[in-house]
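Enquirer: My questions concern the predicted model and sequence given below.
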Amino acid sequence: MSPLNFFLDHRSEIFSATLDHLTLVLIAMAFAIAIAVPLGMFIVQHRHLRAIALGAASVFQTIPSLALFGFLIPIPFIGGIGRRTAIVALVLYAILPILRNTYVGLTGIDPAILEAAEAMGMTSAQILLRVRLPLALSIILAGIRTATVITIGVATIAAAIGAGGLGTFIFRGVAMVSDSVILAGAIPAALLAIFADLLLGLLERRFKVA
Amino acid sequence: MNAKTTPPADFSIEFRGVSYHLNDIPGRAIVSNVSLTISPGETLVLLGRSGSGKTTLLKLINRMLLPSQGQVLVQGRATTGYDPIRLRRSIGYVIQEAGLFPHFTVAENVSLVPSLEKWDASRIAARVEELLLLVGLDPAEFATRRPRELSGGQRQRVGVARALAADPPILLMDEPFGALDPVTRAELQREFCALARRLNKTIVFVTHDVREALFLASRIALLHAGRLVALAAPQDFLRLDHPEVHAFTASLAVSNGVSQ
């Protein structure tokens, strides 16, 4: 069967897998952002924790994704088969680029600007919220963009532990030795990644200062 | 623009035996045993080479730094006795390259301290307009611009307006004209001189440019290796007999020779 015919025959199934995939990615990204951005802000204030936090985040990135999914299965509460485990793994993957960019963005600000802010009598909370964060925003968004594209790709592997999504077609296609079935998962995943990259790229430029 | 109800305290600044050591290591003194009284309304210029401790002295005034030894008194009270945030909001601060916030418009930059102090919007708007006119910028043209859309001289003018926004009695200036081209610098120096006379503020001005010091100062305090080595009015300064004064007057002679 040609890829196009397969796609047309299974369009509703592919569509719902795409939605599942997107949901998986969005949930994982929401958690990753909620963890990595505040953590980045925290390690800017507590520099001695910087190496530990960035180091730990890097370690997760070095674990092959299939292995990470596997490692999580036996862990109580977060483990098991299904979506929850997949989300935990995706979050662990997505943290590093966001954390690193948050840290770099917040610390890479012209010292003269920070000196002026301090000398004007801004409190450290005001400097963080009104100076550092707005000036770091486009760099933080760049990290979120990288993390999103990675997560869309890695999420295809989540099907291996029963999390659903576009990876189900890819795994099924590999088992059936059918390019048509693989492409039914791979093409929508690639399109999602390209689309997310473009959209977040626009957002990133929108918040770029000078 | 004098909404102040508190009686005009004396806006003096006094250094009493002040030393500052990096990381509190006595061997590495950046400022050593400086005693100096700055009178209300005067423009005291801290002159010295790079690394002579002049910026450190400035930062001791608004409690960006605390002395390792001795006391810095602002309006008769030690800086250690002030809440640093309150103290800084009552002292204007201008630095080289202005340090404007690139994500703020000119108006937002100028109104920073008033908005931190929660002035109401109409009062802030009126104050911004008044200040931009004061520093020679047309509010209609400049208020909504961003710092990157300004020339170096214009940015510095905005920096001065921002420092003056909440009408602080004391103004600290750290080589504010240092990064400007000579023509713009001379222009801003002239205007600033007139402005300083009109505003009647206590001004502490850091520079390594002896011409600038002679032009703007009511008194010049010369720093060398963290020590105060000379203190004199401009007309007496060049006659002082100190090697570091000679070094600065010699630099003046050389630059005169070149320019002729």
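Expert: Happy to help now that I have it.

Enquirer: show me where chain A has strands.
Expert: Secondary structure of chain A (DSSP state E): no strands present.

Enquirer: List, one by one, the residues from it near chain B.
Expert: Residues of chain A lying near chain B by C-beta under 8 Å from any C-beta of the partner chain: A:110, A:112-113, A:115-123, A:126, A:131, A:134-135, A:209-210. Just so you know, the C-beta spots here come from the backbone N, C-alpha and C atoms, and that holds for glycine as well.

Enquirer: try it again with 6 Å
Expert: A:112, A:113, A:116, A:119, A:120, A:121, A:123, A:134, A:209, A:210 (C-beta under 6 Å from any C-beta of the partner chain).

Enquirer: so residue B:69 sits right up against residue B:16, yeah?
Expert: No - checked against C-beta atoms under 6 Å, the pair residue B:69 and residue B:16 is beyond contact range at 9.7 Å.

Enquirer: what separates residue A:86 from residue A:22, distance-wise?
Expert: 13 Å (C-beta to C-beta, to the nearest Å).

Enquirer: Neighbour count: those two, which is higher?
Expert: Neighbour totals were compared for residue A:86 and residue A:22, and residue A:86 leads with 27 against 17 (other C-beta atoms under 10 Å in any protein chain shown).

Enquirer: wait, isn't that one in contact with residue A:164?
Expert: No - counting by C-beta under 6 Å, residue A:86 does not reach residue A:164; the two are 8.5 Å apart.

Enquirer: and residue 160, how many residues sit next to it?
Expert: No chain was given, so I picked chain A. Residues lying near residue A:160 (other C-beta under 10 Å) number 16.

Enquirer: The intended chain is chain B.
Expert: Other residues close to residue B:160 by other C-beta under 10 Å number 23.

Enquirer: Repeat that for residue A:130.
Expert: 19.

Enquirer: What of residue B:10?
Expert: Residue B:10: 12 neighbours (other C-beta under 10 Å).

Enquirer: One more: residue A:187?
Expert: Residues near residue A:187, counting by other C-beta under 10 Å: 15.

Enquirer: same question, residue A:161
Expert: Residue A:161 is flanked by 20 other residues according to other C-beta under 10 Å.

Enquirer: try residue B:231
Expert: With neighbours defined by other C-beta under 10 Å, the count for residue B:231 comes to 16.

Enquirer: helix, strand or coil for the residue nearest to it when sequence neighbours are not counted?
Expert: By the measure of C-beta to C-beta, 6 or more residues apart in numbering or on different chains, the closest residue to residue B:231 outside its immediate chain neighbours is residue B:221, 5.0 Å from it. Following DSSP: H, G, I helix; E, B strand; the rest coil, we place residue B:221 in the strand state.

Enquirer: Quick check: bridge partners of residue B:221?
Expert: Using DSSP bridges, the bridge partners assigned to residue B:221 are residue B:46, residue B:231.

Enquirer: Distance check, it against residue B:23.
Expert: 26 Å.

Enquirer: Those two: which has the busier surroundings?
Expert: For residue B:221 versus residue B:23, neighbours defined as other C-beta under 10 Å are more numerous around residue B:221 (24 against 6).

Enquirer: Surely residue A:147 touches residue A:99?
Expert: No - counting by C-beta under 6 Å, residue A:147 sits too far from residue A:99 to count as a contact (9.4 Å).
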